[in-house]
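Q: only the shape, not the letters, is given here:
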Ligand SMILES: CC(C)(COP(=O)(O)OP(=O)(O)OC[C@H]1O[C@@H](n2cnc3c(N)ncnc32)[C@H](O)[C@@H]1O)[C@@H](O)C(=O)NCCC(=O)NCCS
Ligand SMILES: Nc1ncnc2c1ncn2[C@@H]1O[C@H](COP(=O)(O)OP(=O)(O)OP(=O)(O)O)[C@@H](O)[C@H]1O
């Protein structure tokens, strides 16, 4: 099994690239979706977050008011660290179960779309690591355009993450998404080719097919030994 890391900065285009992978039948585990699930009303994550941040972060229906919590944590590094500390174990387990489900289905290549891949030190589990890079002006413009937020709020969100240039220096593959969607598709074709190359032996043994082959070999080996020794 090959676990491909997909990361980048906020609004650099990770979801856009994720969608291209899905359109090419490569499954994606989306950490932002996992993070949403673990903050749903009544879950363990929700209870801990409400206990730490107070009921004023809730909507009338009891769900977390995400824009409000976002404003609090993206303008206060201490509160952001607190939220990260509370949710990190739930998010990691959610990602793990996402991978497990796909492993059981027999997926050989799985993309992990994790915005905080480096910050959360999950990069050691993924190879290759793709960083979707974008120039700072385009990133700010796209973030403000997509989230209809103020420039100040957008800058706070950008500054809450490891600088994109540092992420780029840690990448195995860089996608420069500063251009058009056509430019992105063109780069993506080459990335898809790299990512879907035949599995290495280690990746094969980690896949469901590899694990079953190993198990079958052990069973056959044991049967042969038993037969050989019973004939002595
Ligand atoms: C603060 C929350 C409620 C704001 O929700 P909102 O719907 O406005 O944003 P959304 O979840 O769609 O995130 C948008 C982007 O913000 C960035 N981001 C999210 N959380 C963080 C964080 N803790 N630190 C830095 N950047 C973050 C990511 O690039 C993400 O793609 C939410 O982002 C959250 O629960 N964050 C903590 C969980 C987390 O770490 N998520 C990232 C998954 S690795
Ligand atoms: N090459 C492009 N040209 C024009 N717009 C783009 C391009 N790539 C992405 N966008 C737009 O930029 C915005 C941000 O892209 P996207 O949502 O994919 O980023 P993201 O990295 O997943 O963000 P987040 O970190 O918030 O999850 C979206 O509105 C998207 O449609």
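A: Perfect, I can see it now. Remember, it's a predicted structure, so these values are computed and weren't measured experimentally. Ligands and ions are numbered 1, 2, ... in the order given.
Q: pLDDT weak spots in the chain?
A: In the prediction, the chain carries no residues with pLDDT under 70.
Q: in it, which spans are helices?
A: Listed in chain order, the helices of the chain (DSSP state H) span 14-23, 31-37, 44-53, 66-74, 77-105, 136-147, 151-159, 164-169, 181-195, 201-206, 208-230.
Q: right, so of the ones you listed, which gets closest to residue 119?
A: helix 77-105 (8.2 Å; C-beta to C-beta). (Glycine included, C-beta is placed from N, CA and C.)
Q: run the angle between the closest one and helix 66-74 for me.
A: Put simply, helix 77-105 runs at 120 degrees to helix 66-74, going by axes from the mean of the first three to the mean of the last three C-alpha atoms, to 10 degrees.
Q: mind checking how far helix 77-105 is from the chain centre?
A: Taking C-alpha atoms, centre = their mean, to the nearest Å, one finds helix 77-105 lying 9 Å from the centre of the chain it belongs to.
Q: what of stretch 147-163?
A: Relative to the mean C-alpha coordinate of its chain, stretch 147-163 is positioned 20 Å out (C-alpha atoms, centre = their mean).
Q: do that stretch and ligand 1 meet at all?
A: Yes: using C-beta under 6 Å from any ligand atom as the criterion, contacts between stretch 147-163 and ligand 1 involve 157, 160-161.
Q: restricted to buried residues, select the residues you listed in PyMOL.
A: A single PyMOL command is used to select the members of these judged buried by 16 or more other C-beta atoms under 10 Å:
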select buried, resi 157+160+161
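Q: out of the residues of stretch 147-163 next to ligand 1, flag the one nearest to residue 96.
A: Compare each of the residues of stretch 147-163 next to ligand 1 with residue 96 using C-beta to C-beta and the shortest gap goes to residue 161, at 22.7 Å.
Q: so the protein: which segments form each domain?
A: Here the domain assignment for the chain is 1-27+107-197, 37-105, 207-232, based on automatic domain parsing.
Q: looking at the ones you listed, which is buried most?
A: domain 1-27+107-197 (a mean of 18; mean count of other C-beta atoms under 10 Å).
Q: what does this protein put close to ligand 1?
A: Applying C-beta under 6 Å from any ligand atom, we find that the chain lies next to ligand 1 at 10, 31-32, 35, 39, 66-67, 69-70, 73, 80, 83-84, 87, 91, 114-116, 157, 160-161.
Q: who in this structure is up against ligand 2?
A: By C-beta under 6 Å from any ligand atom, the residues of the chain that approach ligand 2 are 8, 10-16, 32, 115, 142, 146, 177, 180-181, 184.
Q: need the max-distance pair from those residues.
A: The most distant members of the residues of the chain next to ligand 2, if one measures by C-beta to C-beta, are 32 and 180, lying 24.3 Å apart.
Q: report the longest strand in the protein, please.
A: When every strand of the chain is counted residue by residue (DSSP state E), the longest turns out to be strand 2-8.
Q: same for that strand, what does it pack against?
A: Other elements packing on strand 2-8 under the criterion 3 or more C-beta pairs under 8 Å, 6 or more residues apart in numbering; DSSP states H and E are helix 14-23, strand 109-113, strand 129-133, helix 164-169.
Q: okay if I get these as TSV plus distance to residue 43?
A: Converted to TSV, the helices and strands packed on strand 2-8 look like this (distance: least, C-beta to C-beta, whole Å):
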stretch	distance to residue 43
helix 14-23	23
strand 109-113	21
strand 129-133	29
helix 164-169	30
